[in-house]
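**Student:** Have a look at this prediction, sequence included:
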Amino acid sequence: MNLSYLFLLACPIGMGLMMWMMMRGNGQQNQSTAARPANDLAGLHQQLQALERQQASIMAEIQRLREADRPVARDADEQPAASQAAENRLA
């Protein structure tokens, strides 16, 4: 019997064994993580609620800052020089 054929078949046989071992290992791992999606889903819901509260808080802060940034109506005495000049041109 010629051993050169055995030498040529070593690579494909080794690859087949590695694939078989990997498939076997994934089956055991999938069984242990079967209950995990339910726990992940509950955690994701909690994160979503926390992010929604944070977003509402940020939106309220933005609204407050926008309202604080709006110019307040001024008396005629306190008008800026540019608007007084514009009024003088119209008159």
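**Tutor:** That came in fine, so what should we check first? Computed from a prediction, not measured in an experiment: that's the story for all the values here. Residues are numbered from 1 along each chain as shown.

**Student:** for this structure, what spans make up the helices?
**Tutor:** Per DSSP state H, the chain carries helices over the ranges 4-32, 36-69, 81-90.

**Student:** could you dump those helices to CSV with mean pLDDT and mean neighbour count?
**Tutor:** C-beta: built from backbone N, CA, C; applies to glycine. Listed next are the helices of the chain as CSV, based on pLDDT from 0 to 100; neighbours: other Cβ atoms under 10 Å:
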stretch, mean pLDDT, mean neighbour count
helix 4-32, 80, 9
helix 36-69, 91, 10
helix 81-90, 58, 9
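
**Student:** ok, R53 to A42 distance?
**Tutor:** Applying Cβ to Cβ, to the nearest Å, the value for R53 to A42 is 17 Å.

**Student:** Same question for I62.
**Tutor:** 31 Å.

**Student:** what does L3 give?
**Tutor:** L3 is 59 Å from A42, by Cβ to Cβ.

**Student:** just A68 next, same as before
**Tutor:** According to Cβ to Cβ, A68 and A42 sit 40 Å apart.

**Student:** cool, R70 as well?
**Tutor:** Using Cβ to Cβ, one gets 43 Å for the distance from R70 to A42.

**Student:** Same check on S57?
**Tutor:** Distance, S57 to A42, by Cβ to Cβ: 23 Å.

**Student:** now A10
**Tutor:** Distance from A10 to A42, by Cβ to Cβ: 50 Å.

**Student:** What of P71?
**Tutor:** Distance from P71 to A42, by Cβ to Cβ: 48 Å.
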